[in-house]
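**Student:** what's the 3D shape of this:
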Amino acid sequence: MKKIIFTIVIAFAILFTGLQSFSQLSSLKIDSLMQEAITKLKVAGAAVAVVKDGRVIHLKGYGFSSIDTKQPTTEFTNFQIASNSKAFTTAALSILVDEGKIKWDDKVKDYIPEFKMYNAYVTDNFNIVDLLTHRSGLALGAGDLTFIPDGTDFTVKDITTIFQNFKPVSAFRTKYNYDNLLYIIAGEVIKRVSKMSFEDFIQKRIFQPLNMNNSFIGDSLINEIKNLATPHSTATGTLKTINRFNIGMIGPAGGIYSNVHDMSKWMIMQLNKGKYGNDLKFSLFSTANSAKMWTIQTVLPNYVSERYNTHFNGYGLGWFLNDVKGNLVAMHTGGLPGMLSQVTLVPDLNLGIVVLTNTESGGGSLAFAVSRAITDSYFGLDDAHWIDNRARNLMKNVSNVDEVTKKVWEKVDSMQHTKIKNEDYMGMYEDKWFGKMEVFMKGKQLWIKSLRSPKLNGPMYFYNANTFAIKWEYQDMNCDAFATFSVKEKGKAQSFNMKGISPSIDFSFDFGDLNLIRVK
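**Tutor:** Numbers count the residues shown, from 1 in each chain. This is a model prediction of the structure:
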């Protein structure tokens, strides 16, 4: 008996020692991973937090919040977390459901009577869950040109009725296509039900209870925040700072600024299924709604992996959901120009990881690689060298994109002496939801500009037939486009359509949804 007890004591001692050394090794390994990733993926700065069993076990910033000022990144450096804001929107709705002010299957039009979709049936049956699950039937990123590039004049009022102008690409509730605008509508539901702005609701009902004291939404506090990450881009081949994206109306879809110190509190609350505070005395939302948010609503293809033994893949309410080695994983990424983020939760292991970065496009690769390396270590998997893997893929993608775009502009250069009748293309054109774009002469150069999205303006260069290549003055993202005109025989252009030049253009530049028709 004594021998058995002694053996058990020794076993626990070894286990405890192992856990302690693993914790130290894990933190040192994260330091090493981050330094390696910043170098190999050409990232200006990043920050990471890891929480385990209700405690923060790693919290640190790396690199620079700006390569111009050389201000170091810390755990308190605020980043735009972009689409990781969506989980805050679903949490806010969960609070209202718990309070009996709304139900998940309530119809959107009951709260926003002017809300219209592409047909009467979908309008009449569109419920709150449909706002959050990317199954509307609309195309990927439909209508995102209303907010990207930033500085447009579109408002939430415009968004409530804009969907009637889009053609569905699938039957209602049958197919996943990521959508941002419907989260803006979700924010409007929160506003109308709570009688306070979306920003105030998140601040008072989520940030304050969780003591996320340095987090905020939108642009109003920008000038008051000293420790703020500057976005960077490597689109030109060298790392440089770019302009910060103005949030405008997209708060519910991607408007939160936060840091890994505050996000660690958010993750601990999520892993505790809504409970927070000393001894978990308080609940932000119920365990029932925690389960609701982590239940697949829209099924996604399951990419079977022997390494991870995955069985399912889908989208819940503000979270991507799959399984790894028999464990549920809730994850989401976020991206705005020069800002990338990733939050990964493994509830069965009581593990959470957040990575925030300030560089496009290497930041997304860094967030993925570091998050995957950390979770792999907890799943007992071998080192898959994710950073090298991402670096190779990134290099290959950049090379492919450069090859395509280089050929386009080489052809443009070869056609520069081709004589065309500029007056045949000049004039005002209008799309039923995006508004007017004008083609005109600026000096001796044919030019195009959007009247509602001022940053979409730039010279048009002849490419072939009735197609022109547009070099936007806005270059914070790779979004140059083709414009192909429909021309009457021996007459003026009557309309034109657009598409991105780069194969890696962000899906939010939904130029393909535009049908611009000449107007007087």
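**Student:** all contacts plus neighbour counts: C-alpha atoms, from now on.
**Tutor:** Will do.
**Student:** in stretch 236-256, what's buried?
**Tutor:** 239-242, 244-256 (16 or more other CA atoms under 10 Å).
**Student:** And the helices in the stretch 351-500 of the chain, which stretches?
**Tutor:** 362-378, 386-414 (DSSP state H, counting those that start in this stretch).
**Student:** Of those helices, flag the one that's most buried.
**Tutor:** By mean neighbour count, with neighbours taken as mean count of other CA atoms under 10 Å, helix 362-378 ranks first of the helices of the stretch 351-500 of the chain at a mean of 22.
**Student:** quick one, it and helix 386-414 angle?
**Tutor:** In terms of direction (axes from the mean of the first three to the mean of the last three CA atoms, to 10 degrees), helix 362-378 departs from helix 386-414 by 160 degrees.
**Student:** circling back: want to try TSV for the helices of the stretch 351-500 of the chain, with mean pLDDT and distance to residue 447 as columns?
**Tutor:** Listed next are those as TSV, based on pLDDT from 0 to 100; distance: least, CA to CA, whole Å:
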stretch	mean pLDDT	distance to residue 447
helix 362-378	96	33
helix 386-414	93	15
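**Student:** Could you dump the ones you listed into JSON lines and include distance to residue 315?
**Tutor:** Below are the helices of the stretch 351-500 of the chain laid out as JSON lines (distance: least, CA to CA, whole Å):
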{"stretch": "helix 362-378", "distance to residue 315": "18"}
{"stretch": "helix 386-414", "distance to residue 315": "24"}
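**Student:** Extract the C-alpha set from stretch 408-425 and format it as CSV.
**Tutor:** The C-alpha coordinates for stretch 408-425 follow below in CSV (Å, rounded to 0.1, in the frame of the first residue of the first chain):
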residue,chain,number,x,y,z
VAL,A,408,-1.0,43.5,-67.5
TRP,A,409,1.0,46.6,-67.1
GLU,A,410,3.5,45.5,-69.6
LYS,A,411,0.7,45.2,-72.1
VAL,A,412,-0.7,48.6,-71.1
ASP,A,413,2.8,50.1,-71.8
SER,A,414,2.9,48.4,-75.2
MET,A,415,-0.5,49.9,-76.1
GLN,A,416,0.2,53.5,-75.0
HIS,A,417,0.5,54.8,-78.6
THR,A,418,-2.8,53.2,-79.7
LYS,A,419,-5.2,55.8,-80.9
ILE,A,420,-8.6,55.7,-79.2
LYS,A,421,-11.6,58.1,-79.2
ASN,A,422,-11.6,59.2,-75.6
GLU,A,423,-14.9,61.0,-76.1
ASP,A,424,-16.7,57.7,-76.8
TYR,A,425,-16.1,56.6,-73.2
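**Student:** how near is residue 461 to residue 487?
**Tutor:** Distance of residue 461 to residue 487, computed by CA to CA, to the nearest Å: 17 Å.
**Student:** So if I had to pick from the two, which one is more boxed in?
**Tutor:** residue 461 (21 against 15; other CA atoms under 10 Å).
**Student:** So that one sits against residue 472, correct?
**Tutor:** No: Residue 461 is not in contact with residue 472 according to CA atoms under 8 Å; the separation is 11.2 Å.
**Student:** need the contact list for residue 383.
**Tutor:** 373, 376-377 (CA atoms under 8 Å, 6 or more residues apart in numbering).
**Student:** All the strands of the stretch 1-150 of the chain, in order from the start?
**Tutor:** For the stretch 1-150 of the chain, the strands defined by DSSP state E, counting those that start in this stretch cover 45-52, 55-63, 79-80.
**Student:** most neighbours per residue, which of these?
**Tutor:** Buried most deeply of these, by mean count of other CA under 10 Å, is strand 79-80, with a mean of 31.
**Student:** can you list the weak-confidence ranges in the stretch 1-150 of the chain?
**Tutor:** For the stretch 1-150 of the chain, applying pLDDT under 70 flags the ranges 1-26.
**Student:** all helices for it, in order.
**Tutor:** Under DSSP H, counting those that start in this stretch, the stretch 1-150 of the chain gives helices at 2-40, 86-98, 120-125, 128-132.
**Student:** before we move on, which element is the residue minimising distance to the centre of the chain in?
**Tutor:** Nearest residue to the geometric centre of the chain (CA atoms, centre = their mean): residue 334, 2.9 Å. Using DSSP states H and E, residue 334 sits within strand 327-336.
**Student:** Which residues outside that strand are in contact with it?
**Tutor:** 80-84, 245, 254, 294, 318-323, 340-349, 364.
**Student:** Let me know the pLDDT of residue 226.
**Tutor:** pLDDT, residue 226: 86.
**Student:** beta partners for residue 327?
**Tutor:** Residue 327 forms beta bridges with residue 324, as assigned by DSSP bridges.
**Student:** any idea how far it lies from residue 84?
**Tutor:** Where residue 84 is concerned, residue 327 sits at a distance of 21 Å (CA to CA).
**Student:** Those two - which one has more neighbours?
**Tutor:** In this view residue 327 and residue 84 are compared by other CA under 10 Å, and residue 84 has more residues nearby, 25 against 16.
**Student:** Please name the residues that touch the more buried one.
**Tutor:** 254, 318, 332-334, 341-343.
**Student:** Show the contacting residues for the residue nearest to residue 351 when sequence neighbours are not counted.
**Tutor:** The shortest distance from residue 351 to any non-neighbouring residue, by CA to CA, 6 or more residues apart in numbering, is to residue 52 (4.6 Å). By CA under 8 Å, 6+ apart, the contact set of residue 52 is 349-352.
**Student:** Let me have those in JSON lines, adding pLDDT, distance to residue 264 and neighbour count as columns.
**Tutor:** Shown next, in JSON lines, are those (pLDDT from 0 to 100; distance: CA to CA, whole Å; neighbours: other CA atoms under 10 Å):
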{"residue": "349", "pLDDT": "96", "distance to residue 264": "16", "neighbour count": "16"}
{"residue": "350", "pLDDT": "97", "distance to residue 264": "12", "neighbour count": "17"}
{"residue": "351", "pLDDT": "97", "distance to residue 264": "11", "neighbour count": "22"}
{"residue": "352", "pLDDT": "97", "distance to residue 264": "8", "neighbour count": "31"}
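**Student:** State the pair within those that is farthest apart.
**Tutor:** 349 and 352 (8.8 Å; CA to CA).
**Student:** where does residue 170 fall, phi/psi-wise?
**Tutor:** As for residue 170, its main-chain torsions (degrees, to the nearest 10) stand at phi -160, psi 170.
**Student:** Kindly report the same for residue 313.
**Tutor:** As for residue 313, its main-chain torsions (degrees, to the nearest 10) stand at phi -160, psi 130.
**Student:** Make residue 1 into 129 and carry on from there
**Tutor:** I'll keep to 129 as the first residue from here, and by that count the last item is residue 441.
**Student:** Now for it, how many residues are close by?
**Tutor:** 19.
**Student:** What of residue 181?
**Tutor:** 14.
**Student:** give me every residue that touches it.
**Tutor:** Contacts of residue 181 (CA under 8 Å, 6+ apart): 477-479.
**Student:** From residue 397, how far off is it?
**Tutor:** Residue 181 is 11 Å from residue 397, by CA to CA.
**Student:** Then residue 633?
**Tutor:** Taking CA to CA as the criterion, residue 633 is separated from residue 397 by 36 Å.
**Student:** What does the residue nearest to residue 331 when sequence neighbours are not counted show for phi and psi?
**Tutor:** Nearest non-adjacent residue to residue 331, counting by CA to CA, 6+ apart: residue 344, 7.0 Å away. Backbone geometry at residue 344, expressed as degrees, to the nearest 10, gives phi -160, psi 170.
**Student:** The one 4 residues further on too?
**Tutor:** Its backbone dihedrals place residue 348 at phi -70, psi -30, with angles given as degrees, to the nearest 10.
**Student:** Quick one: neighbours of it, just the number.
**Tutor:** 11.
**Student:** what's the pLDDT at it?
**Tutor:** In this model, residue 348 carries a pLDDT of 84.
**Student:** Check the gap between it and residue 259 for me.
**Tutor:** 26 Å.
**Student:** Likewise for residue 599?
**Tutor:** 35 Å.
**Student:** got the contact list for residue 359?
**Tutor:** 194, 369-372, 465-467, 486-488.
**Student:** With distance to residue 536 added, can I get these in JSON lines?
**Tutor:** Output for the contacts of residue 359, formatted as JSON lines (distance: CA to CA, whole Å):
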{"residue": "194", "distance to residue 536": "33"}
{"residue": "369", "distance to residue 536": "26"}
{"residue": "370", "distance to residue 536": "25"}
{"residue": "371", "distance to residue 536": "27"}
{"residue": "372", "distance to residue 536": "29"}
{"residue": "465", "distance to residue 536": "24"}
{"residue": "466", "distance to residue 536": "25"}
{"residue": "467", "distance to residue 536": "28"}
{"residue": "486", "distance to residue 536": "30"}
{"residue": "487", "distance to residue 536": "26"}
{"residue": "488", "distance to residue 536": "23"}
